[in-house]
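Asks: For reference, the sequence and a predicted model appear below.
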Amino acid sequence: MVVSGIADFVEGVDITSNENPSTPLARPTSLEKHTPPILLSYSPKGSQQWIRKVEEDFMPRIGMEFDTLEDGIQFYRIYAIACGFDIRKSTQKRFRDQTMRTKVLLCHREGFGESKKTKNMVSMEPNESAFGDGVSFDPTYGTNRYCMVLTPFTGIDNHKKSVTFACTLLSNEDEESFVWVFQKFMEAMGRKEPQIIITDQDPAIRNSVPVVFKTARHRFCMWHIMKKVPDKIDIITCKDTDFLSRLNGIVWNKELDPTDFDDKWNDVITEFGLEDNRWLSTMFDMKEYWIPAYFRDLHMGDIMSTTQRSESENSFFKKFENHYGTVIEFWLRYESAMDQQRHTHKLYTHEVFYEIQEEIKSSMCGCGLVGYSRSASVELSDIEDSEKKKTFSVKYNVMTSEVLCTCKLFERRGLICRHIFWVFSNKLLRIIPEKYIMSRWSKDALRGPVYDLDGNIIQNYDAADECQLEMSKVWSEFYNVISMVTNKELDTLRNLQRVLKEFKETIEPTNERLSKQQEMEMLIGCNVTNEVRILPPRQSKNKGSVKRMVTSKTKAIEKAKKPKRRCGNCKRMSYHDSRNCEEPFAKHPPEEEGISDE
């Protein structure tokens, strides 16, 4: 048998009629101790569920109104008792005059709510979808007082400038932490994987990438590796020979295929007698991870040509950070850095156009035909490049207008090379075929619908633009009024001033000085709760030594800056003194006092 409802076990409550649910409720004087009635129900999978039975008159409904806040709280408390749970207070917000504006009541075990869809997360996905073909990931240090590691995800926009997709703060640099970072990055980007991800040689990062990114190619940063060469090779080989220039000419050459690279690498290593160098041997065994010759067929959005982008991005963030900042200060400074990056994005010129223009000029002045053959509908042209001193082959399909060059510039960077332009010019093509215009380099790269985190199109995403438009109209009207009354009588100007003063008084906030806590609450957007459950993070203990390991090159540079001094032991001008002189200490016999030849 089902008991009639809440009125059977709540005493002292003035139950109102069903027609006016907003009538204030009287406070209950006492509650019966027996259990509220329940109903038996079945879930879709057949398991049993026991549900509290509450009549419809006492169910909360959207739009209900109460005379006082206490009446609303009491109504929800009665409903909670009927359902068999307890309530607790949550977020509350007040106006400047301390009048209550919002108050939230929750079940005492309400669980976790859905993630908030902020505007920054909403705008993040279109950036990554347009420019996320290549992503660079490089941790940096010294951005906050807790020694947490800043890990930005960096790409290249259609102006060939660095763009930040996301960043995180990590307290640990282990494999589990990096897997979590990559998973959250994938969730924020709509589960879309980049074609390539560039990192340093950290073993934890190397093991974490294939766990999350199933199709993306992992590549090491060339800039990090080549920067270590002078420290791994003897000074004489680096300084007195052309070893570095020869090695750079091989490693950074994007036109070499894997076979040519292997032959040229072995020739240089053999010529300078470095076959026994363990570091060079290790780097050669890992060549698939960092040599451009093994990435010729992979489009990376030009991120390979400047692999130090992450380092420049880290330097960019450090302009807005300090070693003693809190997490809140980091968040505010990060937003400032993003605002500056968005501003500079609108100011830069179209560098891609100028690069294409140079390729067209080179096709006209620096390329020539040295060989030609045709098989069915495919034409093969051998183009000699006078600038690169090499011959490239271009295949052109007459039926489909498809073209392919052995320099692989289009496959690698999405830009048409000079050799293809030479063929287009020879075929009297006056416009570039649509299939060879990549949208990620065009002006319309970011145009299109804006999506939220669930993939739904946002209809009213231009509300801020509409507000800006209305503000511009107000300014225009204001200046028009000023221009009308400038040459009029003094009384007219005084009347305008009086009207503006009255309007200002209606919108001007109170002059009460806010406390520091109130200012922080206004800045963050929520009040400080009585129970603090989120504490400042602990000091992170990252891997590595406490002090940075200084290379021999850095030591030599710092040593050269110091002036030489005369050693008291060896009597030579050097960078040491008698305490750390390498020569044996020369003992001088003391002079005997009181003894003379006289």
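Replies: Nice, I can see it. All of these numbers come straight from a predicted model, not from anything done at the bench.

Asks: can you map out the strands along the stretch 301-450 of the chain?
Replies: Here the stretch 301-450 of the chain has its strands, by DSSP state E, counting those that start in this stretch, at 367-375, 378-385, 390-397, 403-405.

Asks: any idea of the mean pLDDT in the second one?
Replies: Right, the one you point to is strand 378-385. Mean pLDDT, computed over strand 378-385, is 90.

Asks: Just the C-alpha atoms of it, please, in PDB.
Replies: C-alpha atoms of strand 378-385 as PDB (Å, rounded to 0.1, in the frame of the first residue of the first chain):
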ATOM      1  CA  VAL A 378      51.400  11.100 -67.800                       C
ATOM      2  CA  GLU A 379      54.200  13.600 -68.700                       C
ATOM      3  CA  LEU A 380      57.500  13.400 -66.900                       C
ATOM      4  CA  SER A 381      59.600  16.600 -66.900                       C
ATOM      5  CA  ASP A 382      63.100  16.900 -65.500                       C
ATOM      6  CA  ILE A 383      63.600  20.400 -64.100                       C
ATOM      7  CA  GLU A 384      67.100  21.700 -63.300                       C
ATOM      8  CA  ASP A 385      67.100  24.100 -60.300                       C
END
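
Asks: in it, what counts as buried?
Replies: Within strand 378-385, the residues that count as buried by 16 or more other Cβ atoms under 10 Å are 379, 381-385. Glycine gets a C-beta too; all of them are placed from N, C-alpha and C.

Asks: And the longest one, by the same measure?
Replies: By 16+ other Cβ under 10 Å, the buried positions in strand 367-375 come out as C367.

Asks: What of the third one?
Replies: Within strand 390-397, the residues that qualify as buried are 392, 394, 396, counting by 16+ other Cβ under 10 Å.

Asks: mind putting those residues in TSV, pLDDT and distance to Q517 included?
Replies: Listed next are those as TSV, based on pLDDT from 0 to 100; distance: Cβ to Cβ, whole Å:
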residue	pLDDT	distance to Q517
F392	91	68
V394	91	69
Y396	90	71
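
Asks: Which one of these is nearest to T554?
Replies: The shortest approach to T554 among the buried residues of strand 390-397 belongs to F392, at 42.1 Å (Cβ to Cβ).

Asks: Am I right that the closest one is in contact with L404?
Replies: No - between F392 and L404 there is no contact, the gap being 10.6 Å when judged by Cβ atoms under 8 Å.

Asks: which one of the buried residues of strand 378-385 is nearest I73?
Replies: The shortest gap between I73 and any of the buried residues of strand 378-385 belongs to D385, at 79.8 Å (Cβ to Cβ).

Asks: Give the closest residue to the closest one in space, chain neighbours not counted.
Replies: Sequence neighbours aside, C367 is the residue nearest to D385 in space, at 5.8 Å (criterion: Cβ to Cβ, 6 or more residues apart in numbering).

Asks: Which pLDDT value goes with that neighbour?
Replies: Model confidence at C367 (pLDDT) stands at 86.

Asks: quick one, what contacts it?
Replies: C367 is in contact with 383-386, 418-419, 422, counting by Cβ atoms under 8 Å, 6 or more residues apart in numbering.

Asks: Distance to N277 added to the residues you listed, as CSV?
Replies: Shown next, in CSV, are the contacts of C367 (distance: Cβ to Cβ, whole Å):
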residue, distance to N277
I383, 39
E384, 37
D385, 34
S386, 37
R418, 38
H419, 37
W422, 43
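
Asks: With distance to R77 added, can I get the buried residues of strand 378-385 in JSON lines?
Replies: Compiled in JSON lines, the buried residues of strand 378-385 are given as follows (distance: Cβ to Cβ, whole Å):
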{"residue": "E379", "distance to R77": "84"}
{"residue": "S381", "distance to R77": "84"}
{"residue": "D382", "distance to R77": "86"}
{"residue": "I383", "distance to R77": "83"}
{"residue": "E384", "distance to R77": "87"}
{"residue": "D385", "distance to R77": "82"}
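
Asks: now, which of these sits nearest F478?
Replies: Set against F478, the nearest of the buried residues of strand 378-385 by Cβ to Cβ is D385 (61.9 Å).

Asks: isn't that closest one right up against V394?
Replies: No - under the criterion of Cβ under 8 Å, D385 makes no contact with V394, lying 11.2 Å away.

Asks: shared neighbours of these two, anything?
Replies: Listed as contacting both D385 and V394 by Cβ under 8 Å, 6+ apart are H419.

Asks: what residue ranges in the stretch 101-250 of the chain are flagged as low confidence?
Replies: Low-confidence segments of the stretch 101-250 of the chain (pLDDT under 70): 109-133, 141-144, 157-161, 240.

Asks: can you give me the helices in the stretch 101-250 of the chain?
Replies: 119-131, 175-188, 203-212, 222-227, 229-232, 235-240, 243-251 (DSSP state H, counting those that start in this stretch).
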